[in-house]
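[1] how does the following fold in three dimensions:
(2 chains)
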2 protein chains.
Amino acid sequence: MKALEQKILSEGQVLPGNVLKVGSFLNQQMDSDFIMEIGREIARLYADEGVTKVLTVESSGIALAVAAGIALHVPSVFAKKHKSANMSKEVYTASVYSFTHGMEYEIAVAKEYISERDRVLIVDDFLANGNALRGLMSIVSQSGASLAGCAVAIEKGFQGAGDAMRAEGIRIDSLAIIDSMTDEGVTFRA
Amino acid sequence: MKALEQKILSEGQVLPGNVLKVGSFLNQQMDSDFIMEIGREIARLYADEGVTKVLTVESSGIALAVAAGIALHVPSVFAKKHKSANMSKEVYTASVYSFTHGMEYEIAVAKEYISERDRVLIVDDFLANGNALRGLMSIVSQSGASLAGCAVAIEKGFQGAGDAMRAEGIRIDSLAIIDSMTDEGVTFRA
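    Okay, here's the model as predicted:
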């Protein structure tokens, strides 16, 4: 998605530790029209897949999942990172190791929101080590639902997790794949 | 907003501790078309207010803020509840006491995302004790931006915080105001 690559080049910032900061349009601040454009692009890619539900993990995935859900006219669901007082005890859970925060956390989705009748599209903002996606795929698998695929905005291609998943036969659609990222700039996979 | 009242009556669940669970359409699971309908209603209410930015707090406010931002064609920003590795140290912060979780937490917004040139619309899913809104208003005040008002989906009117804010001259728009909430049912302010 050329528009996303251009946005990364014009507004993204490369920070130490392989962090790409896109907080001005995709994370803490969300460029609404652009988020909706990404949602429509994801909907276009999965138009023929019979998706019944979009699944993401809080917080930075929610905007894209909502936009994709709006474009596909299906509900979106987010996995919580903390057990909440008003969440059913009947939950699917998975452990996710975050390299960004250097810690393992648990994600959870109430069982009532995904069933074996669902066809799930996983959406997230980043694919780096793939741990969040694997946690979400574990939840889809536990529910008995089928997985349509994973759509992410930005894949850190140089970390290899996306290609490893593709080699396993998992459908991964990344709207921008970064091949290298240094202080001098960002280059995308052709 | 009649459609929201009907949705609360048909899908909401009253849980112990004055908790209204609306996880099937407004929180953990989000009814995309309905979320967008709420976003358009909020945009209609604030169409003449010159809003430049929508502000909310993670996680359950994000979907509505994104939808309102899409409908208003302005960016949305969410306050984070935890300091994050890739968030600038230059942040506005406020302390918020959560009765739901029985603890105080800090919310933070990077200074680069709100400035004194902004006119901010605060959006959230619930208004109960008003602590989250007051924290967000503190951040708006620190930034020097002007406050257009606060739009929330569901106000627990019987807790009084919304009316206290209105009495202070703050514009509060709640799409559904609950007057009472028991095991037997929910009644709305006429």
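[2] which residues does the most centrally placed residue in chain A contact?
    Taking CA atoms, centre = their mean, the centroid of chain A lies closest to A:D124, which sits 1.2 Å from it. By CB atoms under 8 Å, 6 or more residues apart in numbering or on different chains, A:D124 lies in contact with A:T56, A:V57, A:S60, A:G61, A:L64, A:A132, A:L133, A:L136, A:C150, A:V152, A:A153. C-betas here are computed from N, CA, C, even on glycine.
[3] at 7 Å instead, please
    Listed by CB atoms under 7 Å, 6 or more residues apart in numbering or on different chains, the contact set of A:D124 reads A:T56, A:V57, A:G61, A:A132, A:L133, A:V152.
[4] just the element for it, please.
    Element membership of A:D124, judged by DSSP states H and E, is strand A:119-127.
[5] restricting to C-alpha, output that strand in CSV.
    Extracted C-alpha coordinates of strand A:119-127, given in CSV (Å, rounded to 0.1, in the frame of the first residue of the first chain):
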residue,chain,number,x,y,z
ARG,A,119,-14.2,-17.2,10.4
VAL,A,120,-11.7,-14.9,11.9
LEU,A,121,-9.5,-12.2,10.4
ILE,A,122,-6.7,-11.2,12.7
VAL,A,123,-5.7,-7.5,12.4
ASP,A,124,-2.8,-5.7,14.1
ASP,A,125,-0.7,-2.6,13.6
PHE,A,126,2.7,-4.3,13.7
LEU,A,127,4.2,-7.7,12.9
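[6] next to chain B in this structure, residues from chain A, please.
    Proximity of chain A to chain B, by CB under 7 Å from any CB of the partner chain, involves residues A:15, A:19, A:21, A:23, A:28-33, A:35-36, A:58-59, A:62-63, A:66-67, A:69-70, A:73-78, A:80, A:85-87, A:100-101, A:110, A:113.
[7] in strands only, show me those.
    Using DSSP state E, A:L15, A:V19, A:K21, A:Q29, A:M30, A:S76, A:V77, A:F78, A:A110 are the members of those that sit in strands.
[8] quick one, what contacts A:A128?
    A:K156, A:Q159, A:A161.
[9] adding distance to B:E11, pLDDT and secondary structure, write the residues you listed out as a markdown table.
    Formatted as a markdown table, those follow (distance: CB to CB, whole Å; pLDDT from 0 to 100; DSSP: H, G, I helix; E, B strand; the rest coil):
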| residue | distance to B:E11 | pLDDT | secondary structure |
| --- | --- | --- | --- |
| A:K156 | 39 | 97 | strand |
| A:Q159 | 41 | 95 | helix |
| A:A161 | 37 | 97 | helix |
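[10] what about chain A, any weak spots by pLDDT?
    A:83-88 (pLDDT under 70).
[11] tell me where it has helices.
    Using DSSP state H, the helices of chain A run over residues A:2-11, A:32-45, A:62-72, A:131-143, A:161-167.
[12] against which helices or strands is the first one packed?
    Helices and strands in packing contact with helix A:2-11 are listed as helix A:32-45, strand A:172-182, strand A:185-188; criterion 3 or more CB pairs under 7 Å, 6 or more residues apart in numbering or on different chains; DSSP states H and E.
[13] ok, which of the ones you listed comes nearest B:D183?
    helix A:32-45 (38.7 Å; CB to CB).
[14] what is that closest one packed up against?
    Looks like helix A:32-45 contacts helix A:2-11, helix A:62-72, strand A:146-156, strand A:172-182, helix B:62-72 (3+ CB pairs under 7 Å, 6+ apart).
[15] quick check on the residues of chain A next to chain B: which are buried?
    When the residues of chain A next to chain B are checked for burial by 16 or more other CB atoms under 10 Å in any protein chain shown, the buried set is A:19, A:21, A:23, A:28-32, A:35-36, A:58-59, A:62-63, A:66-67, A:69-70, A:74-78, A:80, A:86-87, A:110, A:113.
[16] okay, the helices and strands packed on helix A:32-45 in JSON lines with distance to A:E49 next?
    Shown next, in JSON lines, are the helices and strands packed on helix A:32-45 (distance: least, CB to CB, whole Å):
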{"stretch": "helix A:2-11", "distance to A:E49": "21"}
{"stretch": "helix A:62-72", "distance to A:E49": "9"}
{"stretch": "strand A:146-156", "distance to A:E49": "4"}
{"stretch": "strand A:172-182", "distance to A:E49": "11"}
{"stretch": "helix B:62-72", "distance to A:E49": "23"}
